[in-house]
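**Student:** Below are the sequence and a predicted model for it; my questions follow.
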2 protein chains.
Amino acid sequence: MPLNSSNMLKVIEDFPHQCRTAMQLPEGMSVSGKVDKIVVCGMGGSAVGGDLLKIFMHDYKIPVFVVRDYRVPGFVDESTLVFAVSYSGNTEETISAFEDASGKKAKIVAVTSGGQLSAMAKKIIKIPSGMQPRAALGYLFFPVLGVLANSGIIDVKGLEIEEMLDVLSKTEDFRKEGDRLAKKIFGRTPVIYASDMLRAVAYRWKTQFNENSKSPAFTHVFSEMNHNEIVGYQNMDRNKFISIFIRDMEDNERIKKRMDITKEIISSRVDVQEVFTKGSGLLARMFSGIYYADFASYYLALANKVDPTPVTVIENLKKKLK
Amino acid sequence: MPLNSSNMLKVIEDFPHQCRTAMQLPEGMSVSGKVDKIVVCGMGGSAVGGDLLKIFMHDYKIPVFVVRDYRVPGFVDESTLVFAVSYSGNTEETISAFEDASGKKAKIVAVTSGGQLSAMAKKIIKIPSGMQPRAALGYLFFPVLGVLANSGIIDVKGLEIEEMLDVLSKTEDFRKEGDRLAKKIFGRTPVIYASDMLRAVAYRWKTQFNENSKSPAFTHVFSEMNHNEIVGYQNMDRNKFISIFIRDMEDNERIKKRMDITKEIISSRVDVQEVFTKGSGLLARMFSGIYYADFASYYLALANKVDPTPVTVIENLKKKLK
């Protein structure tokens, strides 16, 4: 086992507790005045929090946009609520987008552990420092949810949160399934699919395999993959790729059928593994879908004989960018 | 050369002419009344038209959403302009989204060559039938642009269109570069990158490699890939993967620097090929970026000894879905 890999395991196992703590952080913070658009600015794990919010608010009247870029779109104005989310507070894209949104007089809330962002923003939710940003997803998401609930923009039911925490607390189920999947994946490039609705869950799997396991990994969604990517399977090789379907009981019936038939078709080329979200509320289903990936990517790191924690390449890149 | 591959080549070479014809199709059609959100519903090539519109309208006050799903988001209402785009008119996701949007009293314009959609929609732009949907991108995009221009929602400069047609008309440049790239790619899985701004261009490359070349292909964007996917290159192999960067003179200076440094870092693992968009206006830059992929995927099909035109897997899937 590589040095320090146990640190990452501890952080992963602590995730349900992190979520519970994260929910307390807004401490009643709210925004006032008209809000007719929500924008979440962030990169990597911080942006995934935005993607999850977009799922959560799919049926609301207020549109949610996730910006992974240096600028915000032209429609950002004083009735736009912008969350600038950066674990370190020093993510240059997020700082630039923050400045752009400030110039457009948006209402801005920063979620960060410190850095430049905490010096620039007026409204801040301070989150604990010293973690790998990707391991802090609870801290990056729940404060955003809390501010929106406190502001009367969304309705988050206590029961839904309790269900999620209850589902996640069965850590051993996720660990075992992650371990099983890592063994199947080892030596291949995983391609992860979910419904378009849960695209953020599939994307999180991909990024966890990239960062924790130092492995290539790709992602696409149903049913869009039925219109293009499925054709590429004609030249796919089971020694090189493996496909993982994240399935959800609330998937549209046609999506369920598409997943079944696609599995049947592509199984002649690659191994297809299926993973099922748990729980009935959206929060439980989203976060259970994600939680498997934490363990699967951790065990794949061990199999690849790499330390899951450091992402040296990113650190080197940042140095060269200065 | 596989049977019929010359058909696809002719259609590709005719693309500049297709764009010119497509622009005439709205014949003055416009929408009236308040529009404060635009939604494009479609799958595959039809959705790419929506992605391109999103780029084109980045600095406008009206947000654009692309929906590749059976339902539209909860914010769709009577002041939302919905384009239901389906080449065949029988794409089940688009028909379902059309019905959902109708129920929400959205203003709807259908763009289709016929099918159920043309029977259901009141406002229709009829496009020529008999093509592969992915080869009809001009027909799927420019009518949307035309309706928005006719409605006074966007401003499309005649000069910008002329520049685009002029850039695309130098077909031979794109053909040669596509041929060169196909030779580099052959035997490997291409991973295509552009800036977040031009993500639709990179995505179009991916889908063309899937459908025309019957090859796996994946895509991601800058700078998001610097926050996760770059780590996966530690375990990437130049015999299996090749990376293609689509570069644009209007890319943010930091994105340009990130692409340079990323190329330097990952070149130790894979071959990196760069392609440059042409022209100065956004339309010329977007469509020139896309046009290379038509040729590259065509020549990769020939190298793979497959016919670029039929997508038998998708046809089989549709039969099984009935």
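**Tutor:** That came in fine, so what should we check first? Keep in mind that what you see is a predicted model, and the values were worked out from it rather than measured.

**Student:** Which single residue of the stretch 201-322 of chain A ends up nearest chain B?
**Tutor:** Per Cβ to the nearest Cβ, A:His227 is where the stretch 201-322 of chain A lies closest to chain B, at 3.5 Å. Placement of C-beta: from N, CA and C, glycine included.

**Student:** Could you show which parts of the stretch 101-250 of chain A are in contact with chain B?
**Tutor:** A:134, A:191, A:196-197, A:206-207, A:209-211, A:214-218, A:221, A:223-224, A:226-236, A:240-241 (Cβ under 8 Å from any Cβ of the partner chain).

**Student:** follow-up on the earlier one: what confidence value was assigned to the residue nearest to the residue of the stretch 201-322 of chain A closest to chain B when sequence neighbours are not counted?
**Tutor:** Closest residue to A:His227 apart from its sequence neighbours, by Cβ to Cβ, 6 or more residues apart in numbering or on different chains: B:Gly44 at 3.5 Å. Note on B:Gly44: pLDDT of 96.

**Student:** if I pick B:Gly44, what's in contact with it?
**Tutor:** A:Glu224, A:His227, A:Asn228, B:Pro133, B:Arg134, B:Thr207 (Cβ atoms under 8 Å, 6 or more residues apart in numbering or on different chains).

**Student:** Same question for A:Glu13.
**Tutor:** A:Thr171, A:Arg175.

**Student:** ok, it to chain B distance?
**Tutor:** Using Cβ to the nearest Cβ, to the nearest Å, we find A:Glu13 at a distance of 22 Å from chain B.

**Student:** do the same with A:Ala47
**Tutor:** 7 Å.

**Student:** isn't that residue right next to A:Val40, touching?
**Tutor:** Yes: using Cβ atoms under 8 Å, A:Ala47 is in contact with A:Val40, at 7.0 Å.

**Student:** Can you select the buried ones among the residues of the stretch 101-250 of chain A next to chain B for me in ChimeraX?
**Tutor:** Selecting only the buried entries of those in ChimeraX, with 16 or more other Cβ atoms under 10 Å in any protein chain shown as the criterion:
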select /A:134,191,196,197,206,207,209,210,211,214,215,216,217,218,221,223,224,226,227,228,229,230,231,232,233,234,235,236,241
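
**Student:** Would you map the helices across the stretch 151-300 of chain A?
**Tutor:** Ranges of helices in the stretch 151-300 of chain A, per DSSP state H, counting those that start in this stretch, are A:158-169, A:171-185, A:199-211, A:229-232, A:253-266, A:282-303.

**Student:** Please report phi then psi for A:Gly74.
**Tutor:** phi -60, psi -20 (degrees, to the nearest 10).

**Student:** just A:Ala136 next, same as before
**Tutor:** phi -110, psi 30.

**Student:** any idea how far B:Gly232 is from it?
**Tutor:** Plainly put, A:Ala136 is 21 Å away from B:Gly232 if you go by Cβ to Cβ, to the nearest Å.

**Student:** for A:Arg258, same thing?
**Tutor:** 27 Å.

**Student:** where's A:Thr94, which helix or strand?
**Tutor:** helix A:92-103 (DSSP states H and E).

**Student:** which residues sit against that helix?
**Tutor:** For helix A:92-103, the surrounding residues in contact (Cβ under 8 Å, 6+ apart) are A:39, A:41-43, A:46, A:67-72, A:76, A:80, A:82, A:84-86, A:108, A:110, A:116-117, A:120-121, A:321, B:223, B:254.

**Student:** Kindly report the same for stretch A:239-251.
**Tutor:** By Cβ under 8 Å, 6+ apart, stretch A:239-251 touches A:181, A:184-185, A:187-195, A:197-198, A:201-202, A:205, A:222, A:256, A:259, A:263, A:266, A:270-277, A:280, A:282, A:285, A:289, B:216, B:240.

**Student:** same question, stretch A:23-34
**Tutor:** Residues from elsewhere that reach stretch A:23-34 (Cβ under 8 Å, 6+ apart): A:78-79, A:81, A:107, A:109, A:123, A:125-127, A:139, A:142-143, A:145-147, A:150-152, A:161.

**Student:** Quick one: buried ones out of those residues?
**Tutor:** Among the contacts of stretch A:23-34, the ones that count as buried (16+ other Cβ under 10 Å) are A:81, A:107, A:109, A:125, A:127, A:139, A:142-143, A:145-147, A:150-151, A:161.
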